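> A structural model of the following input is requested.
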Amino acid sequence: MADLTIECVQGDIANQPDMESIVNAANARLMPGSGVAGAIHSAAGPELARECESLAPIAPGQAVITGGHGLPNPYVIHCLGPVYGVDKPSDELLGNCYRNALMLADRKGLTSIAFPAISTGVFGYPIEKAARVAVDAIQAVAGKLTSVRRVRLVLFSDQDLAVFRKALNAGGTSG
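Modelled structure (predicted):
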């Protein structure tokens, strides 16, 4: 993990031009929706939805990769996070989103990946819990990564940024 940089920033996941890949907090059908999925599909253009058609549906925790189309990033990795309190075990499924996206990026030879706070919007995952699960999952696979060297957590609000920074500084500790 010594050669893996994990950073937290406030911003727009659809505007991370220095990253090779961004992660879409997708719906099962991988189609435009609200929140992160809506922002990414809007920025990427209709070609992204067309490419996604043949990859859907996906299950909670699963990750698939497409081109970035109109985005400044060559790739988008789509993950379906769990609906909190419905998809169980929620912590394991959410962690799988981060682990599977990282391993997919690594297999593709990518060096950088940016994540939103998966499942914390309409899927209702409590931000503090989600931050701990995300940090733990990233740290759990860090030693297995051969090409990914930079992970960015992109948070929409100041409050979410503070929560994720606290989890990162504490080393995660979900459970």
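> contacts, neighbours, all on C-alpha from now
Fine.
> residue 158 - how many residues pack around it?
When neighbours are defined as other CA atoms under 10 Å, residue 158 has 11 of them.
> what pLDDT does it get?
For residue 158, the model assigns a pLDDT of 96.
> which ones are touching residue 117?
Residue 117 sits next to 25, 127, 130, 131, 153, 154, 155 when contact means CA atoms under 8 Å, 6 or more residues apart in numbering.
> mind checking the SS state of it?
coil (DSSP: H, G, I helix; E, B strand; the rest coil).
> quick check: the gap between it and residue 147.
Look at residue 117 and residue 147: by CA to CA, to the nearest Å, they are 23 Å apart.
> circling back: mind putting the contacts of residue 117 in CSV, neighbour count, secondary structure and distance to residue 109 included?
Below are the contacts of residue 117 laid out as CSV (neighbours: other CA atoms under 10 Å; DSSP: H, G, I helix; E, B strand; the rest coil; distance: CA to CA, whole Å):
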residue, neighbour count, secondary structure, distance to residue 109
25, 27, strand, 22
127, 19, helix, 30
130, 26, helix, 27
131, 27, helix, 26
153, 25, strand, 20
154, 25, strand, 21
155, 21, strand, 25
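> okay if I get those residues as JSON lines plus pLDDT and distance to residue 107?
Formatted as JSON lines, the contacts of residue 117 follow (pLDDT from 0 to 100; distance: CA to CA, whole Å):
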{"residue": "25", "pLDDT": "96", "distance to residue 107": "20"}
{"residue": "127", "pLDDT": "98", "distance to residue 107": "29"}
{"residue": "130", "pLDDT": "98", "distance to residue 107": "25"}
{"residue": "131", "pLDDT": "98", "distance to residue 107": "25"}
{"residue": "153", "pLDDT": "98", "distance to residue 107": "20"}
{"residue": "154", "pLDDT": "98", "distance to residue 107": "22"}
{"residue": "155", "pLDDT": "97", "distance to residue 107": "26"}
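> ok, those vs residue 100, which is closest?
For the contacts of residue 117, the minimum distance to residue 100 (CA to CA) is 13.0 Å, reached by residue 25.
> so that closest one makes contact with residue 36?
Yes - using CA atoms under 8 Å, residue 25 is in contact with residue 36, at 5.9 Å.
> poorly predicted segments of the chain, please.
Along the chain, the parts satisfying pLDDT under 70 run over 1-2, 172-175.
> rerun that using 90 as the cut-off
1-3, 33-35, 171-175 (pLDDT under 90).
> longest helix anywhere in it?
In the chain, with assignment by DSSP state H, the single longest helix is helix 90-107.
> what sits up against that one?
With CA under 8 Å, 6+ apart, helix 90-107 has contacts from 21, 23, 60-65, 77-84, 87, 111, 113, 118-119, 130, 133-134, 136-138, 140-141, 145-148.
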